[in-house]
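Visitor: Model the structure of this input:
(one chain, ligands or ions: 1)
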Amino acid sequence: MINIRRECEADRETVYELVKAAFASAEHSDGNEHDLVNALREGESFIPELSLVAEQDGQIVGYILFTKLKLDGAKLLALAPLAVLPEYQRTGVGTALIARAHEIARELGYEYSVVLGSEKYYPRSGYVPASSYGIAAPFEVNDENFMAIKLDSEAPSVSGTVEYAPEFGL
Ligand SMILES: CC(C)(COP(=O)(O)OP(=O)(O)OC[C@H]1O[C@@H](n2cnc3c(N)ncnc32)[C@H](O)[C@@H]1OP(=O)(O)O)[C@@H](O)C(=O)NCCC(=O)NCCS
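Guide: Numbers count the residues shown, from 1 in each chain. As a prediction, the model looks like this:
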């Protein structure tokens, strides 16, 4: 059974190694995702409630982080990174982490979440091309790989280019 909970300080080293291990075999990686997590935790975009770990078999097997993203006055999030230990991949951990994080994000009043990633993976969690919401990336990217989900059906529409936290170095 998967148990999802908020990351605590004692988990940080484990999360660092987990993110490193997950991205070591990833199709797309800049090799820096584990350091990015450490930097984001120290920044203003960090939301402790949306830094989550998944536990299974008595160990942490997955991690997800959402940080604040700027676009007008809207309440937007960036999903990055999502990482699952290689031996636990394709067992539903990533999907469960996204689902739980979306619930919490809604409770916190966030309106949209944006992700840069595989068009084969994120649509199953409700993501569609961000362009369909009028949300643009601050970098060159294939339309299908820059995705968004509207978390709050009542949220006003948005339009423009998002601004990532400075820690992303974009
Ligand atoms: C991508 C990742 C987070 C997915 O998490 P997961 O727990 O393995 O995925 P789930 O078990 O929830 O979903 C599995 C399904 O997603 C698909 N999937 C998994 N990883 C995928 C990938 N990298 N690209 C496309 N599809 C992927 C598979 O088709 C699988 O479906 P199937 O079982 O029908 O074949 C995980 O594989 C991972 O940590 N990868 C390395 C780091 C990474 O690439 N992070 C994402 C950056 S965008």
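
Visitor: contacts and neighbour counts: CA atoms only from here.
Guide: Will do.

Visitor: Name the next helix or strand downstream of the top helix by length along the chain, please.
Guide: The residue-count maximum for a helix in the chain (DSSP state H) belongs to helix 93-107. With elements assigned by DSSP states H and E, the helix or strand that comes after helix 93-107 is strand 112-116.

Visitor: Report all helices and strands that the next helix or strand after that next one contacts.
Guide: Using DSSP H and E, the next helix or strand after strand 112-116 towards the C-terminus is strand 128-129. Using 3 or more CA pairs under 8 Å, 6 or more residues apart in numbering; DSSP states H and E as the contact test, the elements touching strand 128-129 are strand 146-150.

Visitor: as a whole number, average confidence for the helix or strand following the strand it packs on?
Guide: Downstream of strand 146-150, the next assigned helix or strand under DSSP H and E is strand 160-161. On average, the pLDDT along strand 160-161 is 96.

Visitor: Which strands border strand 160-161, and is each parallel or antiparallel?
Guide: Here strand 160-161 is paired, per DSSP bridges, with strand 135-136 (parallel).

Visitor: Now tell me what touches the partner strand from outside.
Guide: 130, 148, 158-162 (CA atoms under 8 Å, 6 or more residues apart in numbering).

Visitor: Stretch 54-70 now?
Guide: Residues contacting stretch 54-70 (CA under 8 Å, 6+ apart): 1-5, 14-15, 18-19, 37, 40, 45-47, 50-53, 75-85, 88, 93-94, 97-98, 101, 162-165.

Visitor: Asn145 against Ser118, yeah?
Guide: Yes: counting by CA atoms under 8 Å, Ser118 is a contact partner of Asn145 at 5.8 Å.

Visitor: Please say which of those two ends up with more neighbours.
Guide: Remark: of Asn145 and Ser118, Asn145 carries more neighbours, 17 against 14, as counted by other CA atoms under 10 Å.

Visitor: Need the phi and psi values for the residue nearest to Glu55 when sequence neighbours are not counted.
Guide: Setting aside the residues directly before and after it, Glu55 is nearest to Asn3 in space (CA to CA, 6 or more residues apart in numbering), at 5.0 Å. The phi and psi values for Asn3, taken as degrees, to the nearest 10, are phi -110, psi 120.

Visitor: got the residues of the protein near the ligand?
Guide: 22-23, 26, 82-84, 89-95, 117-118, 120-121 (CA under 6 Å from any ligand atom).

Visitor: Quick one: buried ones out of these?
Guide: Buried members of the residues of the chain next to the ligand, scored by 16 or more other CA atoms under 10 Å, are 22-23, 82-84, 93-95, 117.

Visitor: List the buried residues for stretch 55-63?
Guide: 55, 60-63.

Visitor: wait, Ile104 sits on Glu49?
Guide: Yes: Ile104 is within contact range of Glu49, at 7.4 Å (criterion: CA under 8 Å).
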